[in-house]
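> Fold the stuff below for me.
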Amino acid sequence: MEFLGMDFSCALGSLSAGKFPEKDCLLPLISKLLGYCIVAASTTVKVPQILKILKHGSVRGLSITAFELEVVGYTIALAYCLHQGLPFSAYGELAFLLIQALILIAIIYYYSQPVGTKAWIRALIYCALAPTVLAGQIDPVLFEALYASQHAIFFFARVPQIWENYSNKSTGQLSFLTCFMNFGGSMVRVFTSIQEKAPTSVVMGSMLGIIMNGTLLGQIILYQKPQAKKEKKEE
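Numbering: from 1, shown residues only. Model (predicted):
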């Protein structure tokens, strides 16, 4: 019995015989299920952040550079996984994250008026190059180099926001729920990537995500409570 690339026959056979499925039978199935859970959750992971900005009409405390680099990183990662022929459950969330990240950066630009000429130039360069990268119409060696660099891109995408939070001793409009989902997704993705025998670079990228998203999550917990107290005093 197979559904969406998941083979249930081994597990069902063991259970029908009154036995608990063996590790070699159970782990790949769990990996697939978790992978699809991540993909499903990714369809809304950035929605809390988008709604928080729209609700307050403000991008206070958010780093534009961080979100721009995030878009670039998602684009490279998605293109690489597509052309490596990995199963959808191993990378599907990247497609939904990229769409939401593009919407998010558009909203941030809108509430950051005036954005400035440099920001528009960066946006135009991205729009010109992204289709070529996603179509895989670049040299394979360059593709590998780009994918290797996307770990650094994601690292530096988080650094400006982490520094902004540290400098302000506040996380501003940063969404706890979005950061929590990113952190949890990175943890699960390490397991699924190992089970799907994804390249080591993919696993390392997920581990880096745990560290960076965990740092942002810790800052939200550390800085939001004092900020809430200050606002009560001002009222």
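> where are the low-confidence patches of the protein?
Applying pLDDT under 70 to the chain flags the ranges 1-28, 89-90, 225-235.
> SS state for Ala198?
coil (DSSP: H, G, I helix; E, B strand; the rest coil).
> what's around it, how many residues?
When neighbours are counted by other C-beta atoms under 10 Å, Ala198 registers 21. Just so you know, the C-beta spots here come from the backbone N, C-alpha and C atoms, and that holds for glycine as well.
> cool, Cys81 as well?
21.
> Likewise for the one 4 residues further on?
Gly85 has 6 neighbours, counted by other C-beta under 10 Å.
> any idea how far it lies from Phe143?
Going from Gly85 to Phe143 by C-beta to C-beta, to the nearest Å gives 13 Å.
> element containing the closest residue to Val45 other than its chain neighbours, please.
Excluding its sequence neighbours, the residue lying closest to Val45 (C-beta to C-beta, 6 or more residues apart in numbering) is Met181, at 4.5 Å. Here Met181, judged by DSSP states H and E, is contained in helix 176-195.
> could I have that helix exported to PDB, CA atoms only?
Extracted in PDB, the C-alpha atoms of helix 176-195 (Å, rounded to 0.1, in the frame of the first residue of the first chain):
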ATOM      1  CA  PHE A 176       7.000  34.700  17.900                       C
ATOM      2  CA  LEU A 177       4.800  32.100  16.100                       C
ATOM      3  CA  THR A 178       6.700  32.500  12.800                       C
ATOM      4  CA  CYS A 179      10.100  32.100  14.600                       C
ATOM      5  CA  PHE A 180       8.800  29.200  16.600                       C
ATOM      6  CA  MET A 181       7.500  27.400  13.500                       C
ATOM      7  CA  ASN A 182      10.800  28.100  11.700                       C
ATOM      8  CA  PHE A 183      12.800  26.700  14.600                       C
ATOM      9  CA  GLY A 184      10.600  23.500  14.900                       C
ATOM     10  CA  GLY A 185      10.700  23.000  11.100                       C
ATOM     11  CA  SER A 186      14.500  23.200  11.100                       C
ATOM     12  CA  MET A 187      14.700  20.500  13.800                       C
ATOM     13  CA  VAL A 188      12.400  18.100  12.000                       C
ATOM     14  CA  ARG A 189      14.000  18.800   8.600                       C
ATOM     15  CA  VAL A 190      17.400  17.600  10.000                       C
ATOM     16  CA  PHE A 191      15.800  14.200  10.700                       C
ATOM     17  CA  THR A 192      13.900  13.900   7.400                       C
ATOM     18  CA  SER A 193      17.000  15.000   5.400                       C
ATOM     19  CA  ILE A 194      19.100  12.300   7.000                       C
ATOM     20  CA  GLN A 195      16.400   9.700   6.300                       C
END
